[in-house]
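[1] Sequence and predicted structure below; questions after.
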Amino acid sequence: MTDFHIRYGAEVADARRDGRPVVALESTIVSHGLPRPDNLRVAREIEQAVRAAGAVPATIGMVGGELVVGLDDDQLTRLASTDGVAKLSVRDLAIASATGADGATTVAATSAVAAAAGIGVFATGGLGGVHREASQTFDESADLTTLARTPITVVCAGVKSILDVGATLERLETLGVAVLGYRTHRFPGFFITDSGFGLDWSVDSPEQAAAVLTAQAAHGAHLGGVIVANPLPIDEQLDPALHDRTLAEGLARMEREGVTGKAVTPFLLSHFHSATEGASLAVNVRIILRNATLAAQIAVALAARPS
Ligand code: PSU
Ligand code: MN
């Protein structure tokens, strides 16, 4: 995974040269996960949250076939505002590059590119995972298999609550992806604070998270991903009854309309945002901003450790 041709944005290039902390950010959340025009504003706010905590944001995406680490504002605007931006998982990167496409990178693709660029910490909203009915559809996000082989720390609010959370946690265990709760032993449920599943491990500070990452790199026995699961405070979650009702409706609509493949996640997120009249959107934005801040704090703590 090191043979990507990468163009670095100016701020990221400077930070890499000076050894300053950098946080990777994905672009699928911007182009496919959040509605226009909020998406562009939120994309900028996420970058600001990273800077405010002392790190440099590197939003990753593909512009005209060129893989960019650290999109500038024009490039971010283009991915946020134009039709036909492809959703790129790892398998799509080479094809999109060779055909000169515009594309937004998922957690899987962003992780692979960030690791190739030497960036160790990445913030997103919620990971992809095993979909409900996956025993029939085989729908499991490439986010999981990519994290099994990619040395990256992903700060997220668990996996999206539209998924089969228990099955996803089982797959993460099988794949050797470490899961740490941030100040909790409960696995978060994205829109909701607690998914109903417990966690074996928890860290209490960015410094402790950084110590885990340093130990993992030092031991070298396994260089897969680490998930830092950062729950929303309970008073900021989406009302659980509204959540369950909206999800049931969304899944029924999806079945009726025959939505499959990579359209599933954007379809369900968009159903949530319209059916809750923006309540889930506000929660989604809070999740991402909190994760961006924590990821930056971890990147700063990592950079401060003696190497
Ligand atoms: N988290 C969000 N919003 C999103 C996603 C994650 O809060 O839009 C995106 C990520 O890019 C993730 C993708 O990698 O959804 C998962 O898609 P799929 O289930 O098709 O693998
Ligand atoms: Mn899928």
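    That came through, no problem. Ligands and ions are numbered 1, 2, ... in the order given.

[2] count of neighbours near residue 203?
    Around residue 203 there are 18 other residues, counting by other C-beta atoms under 10 Å. Where C-beta positions appear, they are placed from N, C-alpha and C, glycine not excepted.

[3] Let me see the contact set for the closest residue to it other than its chain neighbours.
    Nearest residue to residue 203 in three dimensions, chain neighbours excluded: residue 209, at 4.8 Å (C-beta to C-beta, 6 or more residues apart in numbering). Shown in contact with residue 209 (C-beta atoms under 8 Å, 6 or more residues apart in numbering): 153, 180, 182, 203, 228, 298, 301.

[4] could you dump these to CSV with distance to ligand 1?
    Conversion of these to CSV gives the following (distance: C-beta to the nearest ligand atom, whole Å):
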residue, distance to ligand 1
153, 15
180, 19
182, 17
203, 22
228, 15
298, 19
301, 24
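
[5] residues contacting residue 267?
    Under the criterion of C-beta under 8 Å, 6+ apart, the neighbours of residue 267 are 250, 254, 257, 259.

[6] Could I have the buried ones of these as PyMOL selection syntax?
    Below is the selection syntax for PyMOL that covers the buried ones among the contacts of residue 267, with 16 or more other C-beta atoms under 10 Å defining burial:
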select buried, resi 250+254+259
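
[7] Quick check: helices, which of the contacts of residue 267 are part of them?
    Judged by DSSP state H, the subset of the contacts of residue 267 located in helices is 250, 254, 257.

[8] Once you drop chain neighbours, what's closest to the second one?
    In space, not counting the residues next to it along the chain, residue 254 is nearest to residue 267; the distance is 6.0 Å by C-beta to C-beta, 6+ apart.

[9] same check, this time on the last one
    Closest residue to residue 257 in three dimensions, ignoring its sequence neighbours and counting by C-beta to C-beta, 6+ apart: residue 267, at 7.9 Å.

[10] Might one say that residue 32 is in contact with residue 264?
    No - contact criterion C-beta atoms under 8 Å: residue 32 and residue 264 do not qualify, at 11.1 Å.

[11] picking up where we left off before, phi, psi for the residue nearest to residue 257 please.
    Recorded main-chain torsions at residue 267 are phi -60, psi -50, according to degrees, to the nearest 10.

[12] check contacts around residue 288.
    By C-beta under 8 Å, 6+ apart, the contact list for residue 288 reads 29, 42, 46, 123, 124, 125.

[13] how about the strands of the stretch 51-200 of the chain, start to end?
    56-63, 66-69, 86-88, 103-105, 121-123, 153-156, 178-182, 186-189, 192-198 (DSSP state E, counting those that start in this stretch).

[14] and the helix or strand following the last one, how far from the chain's centre?
    Yep, that's strand 192-198 we're talking about. As assigned by DSSP states H and E, the chain's next helix or strand after strand 192-198 is strand 202-203. If you compare the mean C-alpha spot of strand 202-203 with that of the full chain, they lie 19 Å apart, counting by C-alpha atoms, centre = their mean, to the nearest Å.

[15] which residues sit against strand 202-203?
    Applying C-beta under 8 Å, 6+ apart, the set of residues contacting strand 202-203 is 180, 181, 182, 183, 184, 185, 209, 212, 228.

[16] Can you select the buried ones from those residues in PyMOL?
    A single PyMOL command is used to select the members of the contacts of strand 202-203 judged buried by 16+ other C-beta under 10 Å:
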select buried, resi 180+181+182+184+209+212+228
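
[17] Lowest-confidence entry in the contacts of strand 202-203?
    Among those, residue 212 has the lowest pLDDT, at 95.

[18] Isn't it up against residue 226?
    Yes - contact between residue 212 and residue 226 holds when scored by C-beta under 8 Å: they sit 6.9 Å apart.

[19] what's the overlap in contacts for the two?
    Here residue 212 and residue 226 share the contacting residues 178, 180, scored by C-beta under 8 Å, 6+ apart.

[20] mind checking pLDDT for the residue sitting furthest away from the middle of the chain?
    With distances taken as C-alpha atoms, centre = their mean, the residue sitting farthest from the centre of the chain turns out to be residue 256, at 28.5 Å. Among the per-residue scores, residue 256 holds a pLDDT of 96.
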